[in-house]
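K.L.:
show me the folded form of this:
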Amino acid sequence: MGIFAQHSFGINISPQPAAGTHIGVDFSPINLLQTGFNFPVEISIAGIFRKPPLNMPFSSIITIAHFDTGASVTSIDIELAQHLNLPVMGQSENRTASGHQKMPIFTIDIGFPTTKLSPFNNLRIGSCRLGFNITNNMNPAKPQNMGLLIGRDIMSRWNIIWNGPTSTVIISD
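P.N.:
Sure thing, here's the model as predicted:
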């Protein structure tokens, strides 16, 4: 049975997903059509920077991540990266619908609160301009205020079952 936010929806999943599998359920495809698949993630400065000799201060934030099957690499909003004081690890050329642009590369840790999905530590990611606004972070009235795009680099490490008509998404690692 699928469980999300302590509500039982009577969905039978066979075979049963592993304990701790993240399951998102909605009653119709409307949310999926309007905003895509989004869920909370915790982003922090990579653990390698929190050890000697750098000993950078630990900072993290829980924000909304968006599944972007068109993105080969996971990317953080540049404003959010600056807010977290992430050290720049280089640059890459991004190919987007609006053209090519050079953007910084960062290394972060990503966790998945409310799930038992394994975190990704010291993950090298790209950056982009998502229009993230820190004052609207996690605001349900602003579902498009996303701080991270989950790319195929992370998705390729997961088992993902996506039922579009019911907006049911099951993720396990």
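K.L.:
low pLDDT regions in this structure?
P.N.:
For the chain, the stretches with pLDDT under 70 are 1-14, 20, 22-28, 54, 96-98.
K.L.:
tell me where it has helices.
P.N.:
Counting by DSSP state H, the segments of the chain that form helices are 30-35, 78-83, 152-155.
K.L.:
what packs against the second one?
P.N.:
Okay, so that is helix 78-83. The contact analysis (3 or more C-beta pairs under 8 Å, 6 or more residues apart in numbering; DSSP states H and E) places helix 78-83 against strand 60-67, strand 99-111, strand 120-128. C-beta: built from backbone N, CA, C; applies to glycine.
K.L.:
give me the distance from that helix to the chain's centre.
P.N.:
Computed by C-alpha atoms, centre = their mean, to the nearest Å, the chain-centroid distance of helix 78-83 equals 15 Å.
K.L.:
circling back: using TSV, lay out the helices of the chain together with distance to H66 and mean neighbour count.
P.N.:
Conversion of the helices of the chain to TSV gives the following (distance: least, C-beta to C-beta, whole Å; neighbours: other C-beta atoms under 10 Å):
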stretch	distance to H66	mean neighbour count
helix 30-35	8	13
helix 78-83	13	18
helix 152-155	12	17
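K.L.:
so which of those helices gets nearest N94?
P.N.:
Nearest of those to N94, taken as C-beta to C-beta: helix 78-83 at 10.7 Å.
K.L.:
G151 and I134, how far apart?
P.N.:
For G151, the distance to I134 equals 22 Å [C-beta to C-beta, to the nearest Å].
K.L.:
more neighbours, those two?
P.N.:
Neighbour comparison, G151 and I134: the larger count goes to G151, with 19 against 13 (by other C-beta atoms under 10 Å).
K.L.:
residue contacts, the more buried one?
P.N.:
By C-beta atoms under 8 Å, 6 or more residues apart in numbering, the contact set of G151 is D68, A71, S72, V73, T74, S75, G126.
K.L.:
so which of the residues you listed belong to strands?
P.N.:
Judged by DSSP state E, strands contain the following of those: S75, G126.
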